[in-house]
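Novice: sequence and predicted model, in that order:
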Amino acid sequence: MRFLRYIPRFIFHVSEFEKQIRRRSHTNTLGKKADWIWTVSESYFYGYNQGLVAGKSFDTLKQRLDNIDPELRGFAYEGAGTALALLEVISPFHKKDLKIFLNKYAKNHYKTTSAGIGIAYARIGASLKKKLLNFDTETAEFIIDGYAFYYGCLKNIDFMNITPPYWMTENQQQVFIRGFGRSLWFRVNGNIGDAAKIIKKCNEADQEILWKGLAIGCAYAGKLLANELSLFQHYANKHLTSIVEGFYIAYEARQRAQNQIIYTAEVYYDGLRMLNNIADSSMIFNASSNSRRPIKYDSTLREGREYDSR
């Protein structure tokens, strides 16, 4: 009966051939920025497949994920979270694996790992309400984000008809909408103008939250070209505070995971300057409404290019 343990791996495995075919069709039609987004996707698929074949070897799984470039490591953990959540649901041999990995091995990456769990629950149609009872409030929010991301990015749901489940709290409903916004960065391949057209057609009450989600995807995944940050102000000036809050969420996630990169820090700092009209400062204040503590400006993060030139 041991062979039953391996059935889920064959059912859900993403083959290298499939990835290469999808990559060629993606990049040939959408250009270099889409090529970078596919690089992000490849990291997710790598973590996903590693999670499927890891068995109980979590030390080995963590080592393989940590060998990924810091800029892409969070996406690999997201993929691993998806794989372990799928195995937990469909396999009697993996009922405790997800919690063990999340609480012990993915502490620094719990946000992206939790988002990956949400993707898994959406993919198999699990009862999200029941599943969230097994997690603390903060983890549950990122699971909700990932759940909404799946439908926004991979199912092409009409953004004009976003309807959070009735049983969610007000904050959870906002996170749900934010997840759709984050997915939009990938759906439009980083084209802020195209994203603005979609958001403009949405419920006016949702637009600010969608912009925040888009900003998270932008700052965490990138890549903006050198002149593109101002497009946020051009298309959504009245939502600029929420946009910078989104930049901060991405910045803080990388800080916690100890994989901060120049790009994310640049977007956040320059977003603050755009918001507050600061030319330069040794002390910049966090624009997040949830935390007004000062953040020490780290000049070392400004070495090198401001934004990627792809």
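Specialist: Received the coordinates, thanks.
Novice: give me the local confidence score for residue 10.
Specialist: If you check residue 10, the pLDDT there is 43.
Novice: isn't residue 115 up against residue 145?
Specialist: Yes - applying CB atoms under 8 Å, one finds residue 115 in contact with residue 145, separated by 5.4 Å. Every C-beta, even on glycine, is put in place using the N, C-alpha and C of the backbone.
Novice: for the record, mean pLDDT for stretch 247-261?
Specialist: Here the average pLDDT along stretch 247-261 is 94.
Novice: quick check: buried residues in that stretch?
Specialist: 247-254, 257, 259-261 (16 or more other CB atoms under 10 Å).
Novice: the protein: strands as residue ranges?
Specialist: Remark: strands assigned in the chain by DSSP state E are 283-285, 294-296.
Novice: which stretches of the protein have low pLDDT?
Specialist: Flagging of the chain using pLDDT under 70 yields the residue ranges 1-32, 277-310.
Novice: repeat the analysis, applying 50 as the threshold.
Specialist: Where the chain drops to pLDDT under 50, the residues are 1-11, 16-18, 20-21, 24-29, 278-310.
Novice: residue contacts, residue 54?
Specialist: Residue 54 makes contacts with 60-61, 80, 83, as judged by CB atoms under 8 Å, 6 or more residues apart in numbering.
Novice: show the buried residues in those residues.
Specialist: 61, 80, 83.
Novice: possible to save these as a markdown table with distance to residue 241?
Specialist: Below are those laid out as a markdown table (distance: CB to CB, whole Å):
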| residue | distance to residue 241 |
| --- | --- |
| 61 | 39 |
| 80 | 34 |
| 83 | 37 |
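Novice: can you tell me which of those lies nearest to residue 193?
Specialist: Closest to residue 193 out of those is residue 80 (34.0 Å), distances taken as CB to CB.
Novice: I'd say that closest one and residue 45 touch.
Specialist: No - if you go by CB under 8 Å, residue 80 and residue 45 don't touch, sitting 10.8 Å apart.
Novice: just to revisit the earlier point, which one of the buried ones among the contacts of residue 54 is nearest to residue 128?
Specialist: Using CB to CB, residue 83 is the member of the buried ones among the contacts of residue 54 that lies nearest residue 128, at 18.3 Å.
Novice: so that closest one sits against residue 55, correct?
Specialist: No - Residue 83 is not in contact with residue 55 according to CB under 8 Å; the separation is 11.5 Å.
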